[in-house]
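J.: here are the coordinates; sequence isn't available:
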């Protein structure tokens with residue numbers, strides 16, 4: 001039994017697109033760059049060759065990482081979700097009580113989390129605090145700079 005990792009359908013499609021770009025475009029470009037750098041002669045003092053090999057290593061590492069994500073992915077189509085509680089894939093509108101500021105986040109998997117885009121991992125302190133909450137619930141998130149108190153204003157799900 002494989003250890004499945006939840007990912008939204010959109011996140012999964014983004015991983016597939018990045019993997020496709022790395023394999024079909026960047027991997028081929030780096031092969032050409034390495035070949036051209038080899039033709040320049042002495043590899044010991046060839047900065048272009050070493051730079052290209054380093055980039056190749058980073059590309060291959062990312063390809064491996066993305067293939068691992070795909071192999072363990074449990075794709076969740078958030079457009080089919082309906083719940084009155086915060087679950088994976090939900091869009092949650094919160095009121096930051098101290099700042100009296102409204103924020104909106106989607107609960108997603110680790111690989112697709114991006115705080116600046118409003119996507120928080122279900123395994124982050126905020127994600128863990130929100131899972132299972134209902135509209136009107138207060139949530140206290142333990143943050144490095146101190147506790148942050150939110151009130152859940154609404155819970156929504158993507159529509160297809």
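T.: Yep, it's here. Please read all numbers here as calculations on a predicted model, not as lab measurements.
J.: List the contacts of residue 70.
T.: The contact partners of residue 70, taken as C-beta atoms under 8 Å, 6 or more residues apart in numbering, are 12, 15, 16, 19. From N, CA and C alone the C-beta is placed, and that goes for glycine too.
J.: quick one, domains of the chain?
T.: By the assignment in automatic domain parsing, the chain contains the domains 5-76, 78-156.
J.: now for the strand ranked longest in the chain, which elements pack on it?
T.: Across the chain, the strand with the greatest residue count (assigned by DSSP state E) is strand 146-156. Counting contacts by 3 or more C-beta pairs under 8 Å, 6 or more residues apart in numbering; DSSP states H and E, strand 146-156 packs against strand 91-96, strand 138-143.
J.: what lines up beside it in the sheet?
T.: Within its sheet, strand 146-156 is paired with strand 91-96 (antiparallel), strand 138-143 (antiparallel), according to DSSP bridges.
J.: Which one of those strands has the poorest average confidence?
T.: Considering these one by one, the lowest average pLDDT is found for strand 138-143, at a mean of 91.
J.: In that strand, which residues are buried?
T.: If you call a residue buried by 16 or more other C-beta atoms under 10 Å, then strand 138-143 has these buried ones: 139, 141.
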